[in-house]
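Trainee: I'll drop the sequence and a predicted model, then ask my questions.
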Amino acid sequence: VAGAPRVVLLGPRGSRRDFRTSGPVGMLSQVASDEARLLLLSAALPPFEKAVMKESLLAGDGDLITLAAKLRSAEDLPAFKAALLRLVAERTLELSFSRYNRVFRHLSTERGKHLAQSFRSSSPQASSDQNLVYGEIDFHSLTTILEKAGIREGDAFVDVGHGTGRGVVCAALAFGHLLSRSHGIEISEPLFRASERAVGRYRRIVEGEPHLWLSHSSCDVTVELGDCLAPVDYDWAQADVVFANSTCFDHELMRAIAAKAQAMRKGTRFVTLTKRLPSDVFQVVERKQYRMSWGPATAFIAVRT
């Protein structure tokens, strides 16, 4: 309708969705229940967020109902939209964390340490290699770090030294609606085998939830066994965001990773823990402490210049 107030929202993968007062907002006064009002307005959300909102409504989410009760006219829409997106983002993260826990329900931190130790005990060289010391990411910490690193539509994410696959699965669950790939490389075969099973559980969860499959199916979630410094199936230097749980990496390994990372494209991001990437072509844009399985660790977010 010509001249009608309009709010533009981003839809799936950058498509644009419009709200005009002649549409859902214009019908607000005709909708009696808060639940119906939310369902009407959900049409402007991307598919995954819309599905999350509907799931929350079915679960009787009181915060959503309270929010809907405040929306009575088109003038309320801008503030409502911002509040709704924040709330849906919170619920999305909660659901992702729940699914993450289902993936790793039988793969505890202690089990991961045991698998890592079994590999280190396999040879005298491995037993003395501090680069193989095991530690796990925290789901909420990594999602915050990756959000700050700026996950964009079509990005490829790689976890260098992925252990049992927690970083790979975390990125896929939290950002699979945007990522084209979430990939991991692991040198320890016992850890790699465990990560293969974890990725299998992730896939079964995604395939079992139609709205999750719709939004996340374009994200290829894979792991491979190999040395991150040797030729591998997927060259991580071609990725957009690379993560390394580098707390126990020695200086030699950090220098070798930095040398390979120079092949990354301008604007790509490299995240390390405890130790910054020793490279003049990467600029650290943020350093902040986050909780991990072994305690606090400083995350360095560096951008290729």
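Mentor: Looks like it came in fine.
Trainee: hey, let's count contacts and neighbours off CA atoms from now on
Mentor: Will do.
Trainee: what ranges do the helices span in this structure?
Mentor: Along the chain, the stretches classed as helices by DSSP state H are 34-41, 47-58, 62-69, 77-103, 109-120, 124-127, 139-149, 166-175, 189-207, 210-216, 251-261.
Trainee: determine which stretch of those helices is the most buried.
Mentor: Compared across the helices of the chain, helix 166-175 shows the largest average neighbour count, a mean of 26 (mean count of other CA atoms under 10 Å).
Trainee: could you dump it to CSV, C-alpha only?
Mentor: What follows is helix 166-175, C-alpha atoms only, in CSV (Å, rounded to 0.1, in the frame of the first residue of the first chain):
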residue,chain,number,x,y,z
ARG,A,166,33.1,-30.2,20.3
GLY,A,167,34.2,-27.0,18.5
VAL,A,168,33.0,-28.4,15.1
VAL,A,169,29.6,-29.3,16.5
CYS,A,170,29.2,-26.1,18.5
ALA,A,171,29.9,-24.0,15.4
ALA,A,172,27.5,-26.1,13.3
LEU,A,173,24.6,-25.9,15.9
ALA,A,174,25.0,-22.2,16.7
PHE,A,175,25.9,-20.9,13.2
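Trainee: average model confidence for it?
Mentor: Averaging pLDDT along helix 166-175 gives 97.
Trainee: now stretch 290-301
Mentor: Stretch 290-301 comes out at a mean pLDDT of 95.
Trainee: next one: stretch 101-111
Mentor: Average pLDDT, stretch 101-111: 96.
Trainee: pull out the buried residues from stretch 242-253.
Mentor: Under the neighbour-count criterion of 16 or more other CA atoms under 10 Å, stretch 242-253 has 242-249 buried.
Trainee: just to revisit the earlier point, check the helices of the chain for me: which has the lowest mean pLDDT.
Mentor: Mean pLDDT is lowest for helix 124-127 among the helices of the chain, at a mean of 67.
Trainee: if we can go back for a sec, what about the helices of the chain, which gets the closest to residue 304?
Mentor: With distances scored as CA to CA, the stretch of the helices of the chain nearest to residue 304 is helix 251-261 (8.7 Å).
Trainee: what's in contact with that closest one?
Mentor: Helix 251-261 is contacted by residues 131, 229, 237, 246, 277-279 when judged by CA atoms under 8 Å, 6 or more residues apart in numbering.
Trainee: same check, this time on stretch 105-112
Mentor: Defining contact as CA under 8 Å, 6+ apart, one finds that stretch 105-112 is touched by 134, 136, 163-164, 191, 194, 293.
Trainee: most surrounded residue in these?
Mentor: Comparing the contacts of stretch 105-112 on neighbour count, residue 164 comes out first with 33 neighbours (neighbours: other CA atoms under 10 Å).
Trainee: which residues touch that one?
Mentor: Here residue 164 is in contact with 112, 191-195, 198 (criterion: CA under 8 Å, 6+ apart).
Trainee: picking that back up, quick one, which of the helices of the chain gets closest to residue 303.
Mentor: helix 139-149 (8.6 Å).
Trainee: hmm, back to that, redo the contacts of stretch 105-112 as CSV? Include distance to residue 70.
Mentor: Shown next, in CSV, are the contacts of stretch 105-112 (distance: CA to CA, whole Å):
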residue, distance to residue 70
134, 49
136, 42
163, 47
164, 45
191, 50
194, 48
293, 41
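Trainee: what's the closest of the contacts of residue 164 to residue 51?
Mentor: Lowest distance from residue 51 to the contacts of residue 164 (CA to CA) belongs to residue 198, with 24.7 Å.
Trainee: which non-adjacent residue is nearest that closest one?
Mentor: Once flanking residues are discounted, residue 198 sits nearest to residue 103: 5.9 Å by CA to CA, 6 or more residues apart in numbering.
Trainee: ok, the one you found to residue 169 distance?
Mentor: For residue 103, the distance to residue 169 (CA to CA, to the nearest Å) stands at 8 Å.
Trainee: so for the two, which residues contact both of them?
Mentor: Taking CA under 8 Å, 6+ apart as the criterion, residue 103 and residue 169 both touch 198-199, 202.
Trainee: closest one of those to residue 60?
Mentor: Nearest to residue 60 among these, counting by CA to CA, is residue 202 at 26.6 Å.
Trainee: the closest one - nearest residue in space that isn't next to it in sequence?
Mentor: residue 103 (5.9 Å).
Trainee: do residue 130 as well
Mentor: Residue 130 sits nearest to residue 248 (CA to CA, 6+ apart), 6.1 Å away.
Trainee: could you check the pLDDT of the one you found?
Mentor: Among the per-residue scores, residue 248 shows a pLDDT of 92.
Trainee: go on, residue 154?
Mentor: pLDDT, residue 154: 97.
Trainee: tell me which residues touch it, please.
Mentor: Applying CA under 8 Å, 6+ apart, we find residue 154 in contact with 178-181.
Trainee: of those residues, which is the nearest to residue 117?
Mentor: For these, the closest approach to residue 117 (CA to CA) belongs to residue 181, at 29.4 Å.
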